[in-house]
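Student: Predicted coordinates and the sequence they were generated for:
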Amino acid sequence: MSGYFEMQVGASAAMRHPAIIGIAVFYFVVVSAIGIWATRRTKSASDYFVAGQGIGIVTLAIAAMASTLSGFAFIGGPGLVYNVGTGAVFLVLAASITNTMGAWVLAKRMRLLGEARGLITVPDAIAARFRSPAAQGLSAVAILVAVIGYMATNFLALGLVIDAMFATGLTLGIWLAMLVTLSYTVAGGILAGVYTDLFEGLVKTLASVTVFYYVLRAGGGMEGITRAIAAVDATFLGPWGKMPALSALSLFFVFGLGSLGQPHVAHKFYMLRDPRRLKWYPALMSVAMSLTLLLYVGVGLAMRAKVASGALPPLARADDATPAFVLGFTPSVVAGIVFAGVIAAGMSTVNSFMNIGAAALTHDLPRAFGRRVTDELRWGRAWTLVLSFAAVLVAQMSGTLVAFLGIFGYGLFASTLVPALAIGLNWQGATREGAVASIATGLGLTLVLETLAFFKVFSLPMGVTVSGLALLLSLLVFFVVSWATRARAASQLDADVKLVMEV
Amino acid sequence: MPTRLALTALVLSCTAIAGAYLLAFLPGGAPPWAAWGLAIGSAGSLSSMMALGAVRGGRLRPVPLAASVLTFLVVAGSFGAALLLPANEGPDAVLVLGLPLRAAIVLYGVGLVPILFLPWMYAASFDADTLSQADLDRVRRAAQERGA
């Protein structure tokens, strides 16, 4: 990620091409227009947090895809492919399965819970399932910790791109990124977020498909790319790339099962206007994600092939793979769309996190302590502001710290939310005690082990990741504690929630 | 019963992954065959979770059951083939759709093949096996009664 934080000077100059800047400015104008439109339609906390349960299935699927694939999919991911080959694809390989799995496991239950109870947050669903303010509070804390890290990482990445394109300097770039995202999120809430996500998702897909065409053209097709790489490094295109098999498969496990614990996606199920349109969610989401991930897979391989064949010198930093490819092998207009896509990726992820973070502070934590905020719309906007300023301050600290905060977000969500939310909504034998114990296990283990690893006090053996271990142990704790307290399970389930779990 | 079976498969999958992780703590690292625990365990965890989510009224209907089983076979089969086949990714390697055989089996087998059947099986069985208008009406009636 450090390469992304220190964009090459030469690349920065090339990024100031009028076509690239023109497309970026056009992008900001469209996003601002959507923000103004959404602000006029946001009149209640329901509008602000769940878009008034009024969005269609195509918007839902593309918005979910846009907020799932952050800037990492366009910059860090291709860099990782450039470095470790096919092993890096294991981060996204399970996307062929997770959308359908998520539809069966979460989408229907979450949307029906929203129908039955008028819920607006993911911790709300956990609280309703287990009648547990403690589980709601703990999951809200986990979400807040991860949200700040994710937001800071994305603000920093956006600041670097804005600096490279407009020569603003990094600090001003970070603040501009925050202010643009904040301007439509704080006023228009998730309604603005979802419709900007739709636009941003389309930009990302267009960018990815177009770049993949140029990848094949520049590399002489997949066969040309493969032959060039295989001539100098046979393991790069092995089934696990340059990773041990255990490490690659561990990524598949975490990013596969862990997808069920991502609140920025699960939260969107509440927003769907007609629950029966979920029928098309897996198909739409799978196609959108597959197309948008073409850039992730293709650019790293093409750049490695160019280096292997001697056409290019090795990249100074792996994360320069995408900027170097689009500036060197695509027309300026395509480069403009790609950089707009990178900005889109960061902003669409950030606005989702702003919203769920604000909901955790406005809605979940007060309820965990038995209190209710009277004007959730006003407080939601206020907390969105506070969270954004906090994340910007974090983003201006050391790049290492920000990278550290960004790394454990996915794993923290997975280990704290998958057992209580995904299994809890589908197993009537699960108990409140199991849910609280598993959330606490995921939160504690992730924070302790990641911190120890960050300070190099302790590290796990090759092939074992903190996120994988924390997810596994929180699942096992959930099963064991629920089994030990199974006599209480039936009494912890309300009739309407039971109905939602049975239909 | 289907819920119990899906949960048992999920716990067994987690146990297989835990075994692979434990082997990694051995002096000298995990033996090569430890990857089988993760290959089978991760395929099992996704397909059993899918089956758990598809259970309705205590029953797992044929289409979701077939989708879960097929997912397990495709994912575990692809990873298993990649682990079993000899390495042959050099300059003279046989290419399948532009990739060396083992990489093609994993990337196309796990990354693309499930898209060819999973979303469409979900859509085809949605009305009968996932959410009918009658189900939705029941939930809405319950919500009204709760609010009344």
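Tutor: Structure received.
Student: which one is A:Ala192 nearest to, not counting chain neighbours?
Tutor: A:Ala38 (3.4 Å; C-beta to C-beta, 6 or more residues apart in numbering or on different chains). To be clear about C-beta, it is placed using only N, CA and C from the backbone, and glycine gets the same treatment.
Student: Could you pull up the residues touching that neighbour?
Tutor: A:Tyr184, A:Ala187, A:Gly188, A:Gly189, A:Leu191, A:Ala192, A:Tyr195 (C-beta atoms under 8 Å, 6 or more residues apart in numbering or on different chains).
Student: Look up which helix or strand it falls in, please.
Tutor: Secondary structure from DSSP states H and E places A:Ala38 in helix A:18-41.
Student: what about that helix, distance to the chain center?
Tutor: In terms of C-alpha atoms, centre = their mean, to the nearest Å, the centre of helix A:18-41 is set 22 Å apart from its chain centre.
Student: Helix or strand next in line after that helix, which one?
Tutor: Taking DSSP H and E, what comes next after helix A:18-41 is helix A:45-50.
Student: what sits against the residue of chain A found nearest chain B?
Tutor: Residue nearest to chain B within chain A (C-beta to the nearest C-beta): A:Met222, separated by 2.5 Å. By C-beta under 8 Å, 6+ apart, the contact list for A:Met222 reads A:Leu216, B:Leu95, B:Leu97, B:Gly98, B:Leu99.
Student: Hmm, the second one is touching A:Gly224, no?
Tutor: No - the pair B:Leu95 / A:Gly224 is not scored as a contact, 10.5 Å apart, by C-beta atoms under 8 Å.
Student: quick one: buried residues of the helix holding A:Ala38?
Tutor: A:Ile20, A:Ile21, A:Ile23, A:Ala24, A:Tyr27, A:Val31, A:Ile34, A:Gly35, A:Ala38, A:Thr39 (16 or more other C-beta atoms under 10 Å in any protein chain shown).
Student: nearest to A:Ala134, of those residues?
Tutor: A:Ala38 (34.7 Å; C-beta to C-beta).
Student: Could you check how far A:Leu179 is from A:Phe389?
Tutor: 10 Å (C-beta to C-beta, to the nearest Å).
Student: Please point out which parts of stretch B:60-79 sit buried.
Tutor: Those would be B:60-61, B:63-65, B:67-68, B:70-72, B:74-79, for stretch B:60-79 by 16+ other C-beta under 10 Å.
Student: what subset of the residues you listed is also close to chain A?
Tutor: B:Pro64, B:Ala67, B:Thr71, B:Val75, B:Phe79 (C-beta under 8 Å from any C-beta of the partner chain).
Student: Counting only helices, which of these make the cut?
Tutor: Among those, the ones falling in helices (DSSP state H) are B:Pro64, B:Ala67, B:Thr71, B:Val75, B:Phe79.
Student: ok, whichever residue of chain B sits closest to chain A - contacts?
Tutor: The minimum distance from chain B to chain A, using C-beta to the nearest C-beta, falls at B:Gly98 (2.5 Å). For B:Gly98, the contact set (C-beta under 8 Å, 6+ apart) comprises A:Gly221, A:Met222, A:Glu223, A:Ile225, A:Thr226, B:Ala104.
Student: Give me the buried entries from these.
Tutor: A:Met222, A:Ile225, A:Thr226, B:Ala104.
Student: Of all pairs in these, which one spans the longest distance?
Tutor: A:Ile225 and B:Ala104 (13.3 Å).
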